[in-house]
Each structure stands twice: as C-alpha cells, then as structure tokens.
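Asks: sequence plus the predicted model coming up.
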Protein chains: 2
Amino acid sequence: MSATPMRLGLFLQGAGHHVAGWRHPEAESGGENLPLIQRIAATAEAGKFDLLFLADGLTTGADAHPSTVARFEPLSLLSALAMSTKRIGLAATASTTYGEPFHTARVFASLDHISGGRAAWNAVTTSYARSAANFTRGEHPSHDERYAIAEEYLEVVRGLWDSFADDAFLKDKASGTYVRPDAIHTLNHEGRYFSVKGPLNVSRPPQGHPVVIQAGSSAPGQRLAARSADMVFTAQQTLEEGTAFTQGLKRQVREAGRNPDHLLVLPGVCPVIGGTEAEARALYAELQGGIDPAAAIRLLSDRLGHDISGYDLDGALPDLPASDQIQSRAKLLTDLARKQKLTLRELYYLVAGARGHRIVWGTPEQIADALEEWFRAGAADGFNIMPPFFPTQFERFVEDVLPILRRRGLFRSDYEGRTLRENLGLPRPENRFFAKQAA
Amino acid sequence: MSATPMRLGLFLQGAGHHVAGWRHPEAESGGENLPLIQRIAATAEAGKFDLLFLADGLTTGADAHPSTVARFEPLSLLSALAMSTKRIGLAATASTTYGEPFHTARVFASLDHISGGRAAWNAVTTSYARSAANFTRGEHPSHDERYAIAEEYLEVVRGLWDSFADDAFLKDKASGTYVRPDAIHTLNHEGRYFSVKGPLNVSRPPQGHPVVIQAGSSAPGQRLAARSADMVFTAQQTLEEGTAFTQGLKRQVREAGRNPDHLLVLPGVCPVIGGTEAEARALYAELQGGIDPAAAIRLLSDRLGHDISGYDLDGALPDLPASDQIQSRAKLLTDLARKQKLTLRELYYLVAGARGHRIVWGTPEQIADALEEWFRAGAADGFNIMPPFFPTQFERFVEDVLPILRRRGLFRSDYEGRTLRENLGLPRPENRFFAKQAA
C-alpha cells in the first residue's frame, strides 16, 4: 500500500444519487428503509470504507430529490448504525445556521461515545433560504454572515468538547468522588453570535473531538476549512479544477500553520459501473432516460437559485444575477456550463445525475483509473462515492473496483486503527483546558 | 390479568437514582456506560416493561447528581437501544423551552421509524433557569410563559407529524411517482411563539404520533397534560395525595372531552429491595450513610431554588419565598416538609434518595403490596421505577417483584402489541390533514 492510502467515504442516500436511480429494476430505495441502509453500511464496512457520509436538509416537498423527500434524522440514524457496524466512521451533516452549539456539541460527543470514537460532523451553513421558514426566523442570513456564524459556532463546539479532562471521572466508591471538580472547565463563551457558558454535560469524546468536515467550497468556506476542518467534501468536475482546488486549499492550510496532511480533501464521484464500457454507457443512458424533464428543471432551478423553466432547453445557460444565498453551488454549475458550453438540457442531466458532482462511467478498471488519476495528481486525498442507486451499483463498486485499487496499492485491506481519526491518520486534538497527563 | 394492567416504566439513570447508590459494592455506574445501559434495557424488556424513560437536563457541574454530570444525549442513546431491543418503548425527555419544534418533531419521528413504533417524547419546559446561559438567551422564561410556549410547541410538533398521509409514498417505478404530491401537507403555522411552515422531512411515524409524556404537576402542567398528553410522570408521596392528583387529572381529561383511560398517570417509585424487611432497611440506611451532607444540601438547595446551606439541619424548613422558576418541584418538597414535619436533614435524605419521589423499602412482597395498593386505589395507572442503583437492585425488581405482580393478575406476561401505543392501550391518532383510507 502507498504511504498515504486513498480515503473513501460512502455518501449514503436512501434512494440513490441519480434522481431517477430508484426507478432502475435493480434499485431498492427509501430514505427511511432501515434494513436497506443497514445492508449498505455493512457492505461499506466489509469494503473497509473510511466513513459513511449523511447529507442533511431542513426542508422538503414533492419536488425534492427522492432521497431527501423524507429521510431519517442523521444523528438518530447514525446512532442506530453504530450498533450494526464496528469500525467504519459515521459522519452526519448538521447546520450551524439552524442549530445551537450546545446541542450540536452534545449529540456528536454522544455519538462519539456510543460508536467508540467513530463520529464526524459535517458542518454546513444551510444554503436554502426557505429553511428559515421552519425555524421562526424572518430571514435567512447572507452567505458571508452564515460563515461568520459558522466560525464562531465551531469555536464554541470545540470548546464544549473540552469541558472535561480525559481522566475526569474517578468513580471512587471509597472516597465518594464520582468526578474530580478540578477536571471540569466552564467555557464562559461570549461572542458576537453566541453566549454559551458550559460545561457540556457529556464527557470528552473518545476522539478528543469528533472529525470535523466542511462542505462549502466558496472562499469563506475554504478559509474556515483551512483553519479548522479535518476533511473537506467538494464537487470538482475536471482534473485541472480539482488539482487547483485541492492544492490551493492545502496551501491555505499551511499558511494557517497546520500540517496539510491533516486536511483531507474528498471530491464527490458518482461511478456508473458496467461489465463493459458499452454496458456502462447504456446504464447511464437508461438512468438519464428515467428523468422527468419538468422535475429536472425544478431541481436545476433550485440549485441555481433561479427559475429557468421559461428558457430554451437546447440553448445555452442564460445570464443569471449572482445568487447571494448559494454562492459556491450556483457558481460551480454556471462555471461548468460556460466552460463546457453545455446546453440547459445537458446541465440538468448533470445535476440530475449527481447534483453537479463528477460522474464517471465505465468498467471497474476504468473507474479505478479515473480515481487513481486524480489521487496521484494531488487533486484528491480520496473520494466520497455517490452510487447512482442502491444496493447493486454500490456492491459492484466494493466487489469489482476496490480489489483493483488494492492491487494497485491505493486502498487498504483492513482498518489501521480503532477510531475514525486513527484510520484517517489524523491526530487526536489535545484538550485546550487540561494538559495531557504524563504517560 | 386484570382488564387494565399496571403500566411500568424504567427510569434509566446510569449511576442509579439514589445520590450515593453508585458507591454500593454491587453498583456499576456511568452515564455513558453503554454496555451497562444495554444490559439494563435487556433486563427491562425481558421483564416486559412498557418503556425505558430517560430524563434530561441542559446543564451540569461537579455538584450535579452523579447520573447527570455526564450522560448520553437521550435521542442518540435511544436510537442505539432501539437496535438492541425489540418491543420495549423508548421515552426521551426534550425541552420545549430550548428546542425547535421542527427539530423535535424530526428526531422523535425518526426514532419512531427506527424503532418500529416505540418512541415517546417526555415534553418538559426545563425548570433550571441557568439553562438559558447555554443557549444565548438573556433570560429563562417564567413558569407560566414556559407552559404557554410548550402548548404551542406541542401543537406545532403534532401538526408536523401529520405532514404526510400514511400512504404518501408510492415509489412506482413505472410511472416515476416516488411520492404523491397531494399527500403532503404544508402546515403554515403562525403563532405567538413560533412560525413553522413545514412540511416535516420525515414521513408519518408508525405510531401516527409518538407517545407524548408530560412531567410537570403544576396547574398549567396539568392543563396541558389533560388536553394533549398520553402519559403523565409525577412525584407523589402519599396515597391520599396520589389519589387526589390522579383522579383530579382524569377529571380534567374528561372535561377536555377525552377518554380518561387515554391519559396514563405514572408516579415515580424508588424500590429498595431486601430479602427481609430488616435487610431492606439496612440497605436503605447504608445508602443514606453514603451521602455527602454538603453535596446533599447543594442538591436540596437546587431543587428548592434557594440556598439553604446556612440553616440548622435539625430544624424545620425555613420560610422561603415562592420560586417562580421551579414551581411544582419546589412546592412538592415544601408541602412534604410541612405536612410530615420533616427537618432539613430528613428532607435532604428524601431528595438524595429519589429527588422527592416516593421511596419504598422492604421485601419483594412488601414492594408489590405498596404498588398494588396505589394501583387499586386509583392513585396510579402504573409506576416509573427508579432503582437506587444498577444493575442488581433493578434485577431484583424484575426477578422477585414482577412475578408477584403477575401472580396477582396485575402485570403482563408478554407484550400485547407491536408498538408502544398498542402495548399501552392508546389509540393511534388520526392524521388531521388526511382522512383515513377506506379499508
């Protein structure tokens, strides 16, 4: 195996990533289909994936992607999956715009304890403005303000995770000392957006801090990630863009005084796998053929932040005013359309396929090639795998693609460590309030 | 078995209910000791308990009860326990003062799906004013305002649970219809405290609505419970008080136009069990002897909402100004002290034992007698059992007390139904927005 192995996440969505994937004859689906999700998680763990990754959203409707119309709340699902798995990491998305730092610190610390050190938090700022309407908020904060909130939010959560020294609990029956009073820290945070006294009512997580993932690729998103994230999930379409993004981010990590190996960059990839290239191409065409054009236009309008239903599908993307709200997501798509001179129809096919993430189709060998190319070029530390539908397309990835990556020395044959941080080669953060004990 | 069997909850606290219980030689403890908690849950399910009950709080400190210094976040713990149990109900406490109705509706709906219809929400208004400091709030709302908020909060949560018709998800591969657009309801709630648009992004829970528990015994708490709760958890010390409370509440339920059998009243009981009465008394004395007086005074001050550390321990409870914040809890204790002419020391023993809940000690037969007396008198539909420590005191209850209750026809030998509502004999609420389908 190469010195730094490829990191692999499985981006778990109950009805698959392709908007029409669930219609495939082999597809099983359901955002709330626990037996299916347990089966997928077991397959990922048998494949030695680093982590299961759950997206999240705070709105729904009949137009939503079938994987997101109705789905389990991520933390309750991962707590359940912590019981049916033993080694794989468990990453859930939670919003810094519509949450409370105390609650967030608590649930992820709790999941870290329940899972024996396998929790990860994908901190997002929530891009959809309509989320505000579900939380008694008049207005959704602007993109830049959301990132300012996120930065303070993360700071508070990390401070709360350090509320207890690692050795705080004596439970000494003879003296009656259950917890050492001098091993509890009161945060007393008073900031611009939050005042949180603490301490947290969960002891220090097994990983010190659960792994922190950041998924925004805008400039403020990158700054936040460079300073404080352990992993970045991103959408990159071409090798050039991917390399520029990843290397640019690693530079920022170095400038922030951190080790660039301690920020792992995982672009999303949707692999469409066939026994032959023709078979893969036919499967992709079949999936694209299952798309309801009206639904795809609504989905694309949603991602762009502008209604494009009146435009010619076979014409170019019209000039759209910049959307303050979903900056990096809309920019990714408009840039893509301009550079590759895509028609609206071509663009909506891309969005319907993997919401702007890279789609690769081909034989297992070709999929492995596509991943290896980016990995070796420094465009990625690994990938968040987004199967078009479950379970068979994912099972093919594990059964047919992973062995090729292993033969090439790119991916592990077994887990290296006990916690997610250990498996990812990330250090366990020291407690900022309590010095490390002498060994 | 009697027509309406006794309902039993296990009030699960990692270090037991007696403040010094964890010091007993047989005690195992830890608010975050998952193997212990799984073992306790398995014992409760083997005993055919109706439900596991988790309290919650949003603050901590070195002075806190050992069970609450650090503990799992309830929803993540219950999601994990849903995987190691099959039939027992899973009740978690969540605050209506420091939560968001959308989040609360979501996590309990999610738990109900994960557990196959076994979720229950103990809706509390959070009595400790210092909670505000962890949530960027200047002030903790007054008791009456907290109940006004709670009432609207419950209304919103119930509305969100009805977002989808029970048969909303077609998943018809041929037509491409994943969900029926006409089977989704947008709540559009605009109230005094909350505006929540909806719909919820979780489908309708298996139970329709998870079971709703209410734990406040003040007048506003009772009004709220009478109108909309399925179960009440309460602290009652004497048969007279218990009967008056339970029958009074049932009257309010009837006045609200509901069936009084559909509101189950469960007082808390801490059973201290010995092979002989002398043994039980000795065990109780041993537990009381383990109490640190300074810690007990702090605990009692906390429950009363007033610092009593300067007073004579062997004198009567001094006159204290009424505390707006923790009305029913403080009232319970002050009434108790007055009626039973307790000294401060006697009062703190009671609080250290079970925080003001009824403590019964004796042989298994005597414990069964104590429960039967209240049940037959109409003072209780059942009990929330609060073992002084785990696991052995609880195992004795299941192994020695339950068989006696069964022989007397008071408690089940097996679960009657599949969901918690079925086991409790509670109806499945109809969806207020979608008519029941024709059979």
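Replies: Looks like it came in fine.

Asks: quick one: contacts for the closest residue to A:Ser131 other than its chain neighbours?
Replies: Using CB to CB, 6 or more residues apart in numbering or on different chains and skipping residues adjacent in sequence, the residue nearest A:Ser131 is A:Leu58, 4.3 Å away. Every residue, glycine included, has its C-beta placed from N, CA and C. A:Leu58 makes contacts with A:95, A:98, A:126, A:128, A:131, A:134-135, B:102, B:201, as judged by CB atoms under 8 Å, 6 or more residues apart in numbering or on different chains.

Asks: which other helices and strands does the helix ranked longest in chain A contact?
Replies: In chain A, taking DSSP state H as the definition, the longest helix is helix A:143-161. Applying 3 or more CB pairs under 8 Å, 6 or more residues apart in numbering or on different chains; DSSP states H and E, one finds that helix A:143-161 contacts helix A:101-114, strand A:119-124, strand A:189-190, strand A:195-196, helix A:219-228.

Asks: give me the contacts around the second one.
Replies: By that I understand strand A:119-124. A:51, A:53-56, A:78, A:89-96, A:104, A:108-109, A:111-112, A:150, A:153-154, A:157, A:205, A:207, A:210-216, A:229-231, A:233, A:420.

Asks: among those, which lie within helices?
Replies: Per DSSP H, these map to helices at A:78, A:104, A:108-109, A:111-112, A:150, A:153-154, A:157, A:420.

Asks: just the buried ones from the residues you listed?
Replies: A:78, A:104, A:108-109, A:111-112, A:150, A:153-154, A:157, A:420 (16 or more other CB atoms under 10 Å in any protein chain shown).

Asks: how about CSV for those, with pLDDT added?
Replies: Shown next, in CSV, are these (pLDDT from 0 to 100):
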residue, pLDDT
A:Leu78, 98
A:Thr104, 98
A:Phe108, 98
A:Ala109, 98
A:Leu111, 98
A:Asp112, 98
A:Ala150, 96
A:Tyr153, 98
A:Leu154, 97
A:Val157, 98
A:Leu420, 98
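
Asks: wait, which of those is closest to chain B?
Replies: Nearest to chain B among those is A:Leu111, at 5.4 Å by CB to the nearest CB.

Asks: tell me the contacts of that closest one?
Replies: Counted by CB under 8 Å, 6+ apart, A:Leu111 has contacts A:75, A:78-79, A:82, A:90, A:92, A:119, A:210, B:76.

Asks: for these, give me JSON lines that also has distance to B:Leu249.
Replies: Shown next, in JSON lines, are those (distance: CB to CB, whole Å):
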{"residue": "A:Leu75", "distance to B:Leu249": "34"}
{"residue": "A:Leu78", "distance to B:Leu249": "38"}
{"residue": "A:Ser79", "distance to B:Leu249": "34"}
{"residue": "A:Ala82", "distance to B:Leu249": "39"}
{"residue": "A:Leu90", "distance to B:Leu249": "42"}
{"residue": "A:Ala92", "distance to B:Leu249": "39"}
{"residue": "A:Ala119", "distance to B:Leu249": "41"}
{"residue": "A:Pro210", "distance to B:Leu249": "43"}
{"residue": "B:Ser76", "distance to B:Leu249": "32"}
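
Asks: which parts of the strand or helix carrying A:Glu372 are buried?
Replies: Using DSSP states H and E, A:Glu372 sits in helix A:364-377. In terms of neighbour count (16+ other CB under 10 Å), helix A:364-377 has its buried residues at A:364, A:366-368, A:370-372, A:374-375.

Asks: likewise for stretch A:77-86?
Replies: Those would be A:77-83, A:85, for stretch A:77-86 by 16+ other CB under 10 Å.

Asks: these also near chain B: which ones?
Replies: Among the buried residues of stretch A:77-86, proximity to chain B is found for A:77, A:79-80, A:82-83 (CB under 8 Å from any CB of the partner chain).

Asks: just put the residues you listed in TSV and tack on distance to B:His357 and pLDDT.
Replies: Listed next are these as TSV, based on distance: CB to CB, whole Å; pLDDT from 0 to 100:
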residue	distance to B:His357	pLDDT
A:Leu77	34	98
A:Ser79	29	98
A:Ala80	31	98
A:Ala82	32	98
A:Met83	31	98
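
Asks: out of those, which one sits closest to A:Arg281?
Replies: A:Leu77 (34.3 Å; CB to CB).

Asks: ok, the closest one touching B:Ser110?
Replies: Yes - with contacts counted by CB atoms under 8 Å, A:Leu77 reaches B:Ser110, the gap being 6.9 Å.

Asks: who's the residue nearest to A:Leu111 when sequence neighbours are not counted bridged to?
Replies: Spatially, and ignoring its direct neighbours in sequence, A:Leu111 is nearest to A:Ala119 (4.2 Å; CB to CB, 6+ apart). Assessed by DSSP bridges, A:Ala119 has beta-bridge partners A:Leu90.

Asks: got it, and A:Val360?
Replies: With DSSP bridges as the rule, A:Val360 is bridged to A:Pro271.

Asks: quick one, what contacts it?
Replies: A:269-272, A:366-367, A:370.

Asks: any chance of CSV for those, columns pLDDT?
Replies: Converted to CSV, the contacts of A:Val360 look like this (pLDDT from 0 to 100):
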residue, pLDDT
A:Val269, 97
A:Cys270, 97
A:Pro271, 98
A:Val272, 97
A:Gln366, 98
A:Ile367, 98
A:Ala370, 98
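
Asks: from the residues you listed, pick the one nearest A:Val401.
Replies: The closest of the contacts of A:Val360, once distances to A:Val401 are taken by CB to CB, is A:Ile367, at 5.0 Å.

Asks: hang on, that closest one packs against A:Ile273?
Replies: Yes - counting by CB under 8 Å, A:Ile367 does reach A:Ile273; the two are 6.0 Å apart.

Asks: and for these two, which residues touch both?
Replies: Joint contacts of A:Ile367 and A:Ile273 (CB under 8 Å, 6+ apart) are A:397, A:401.
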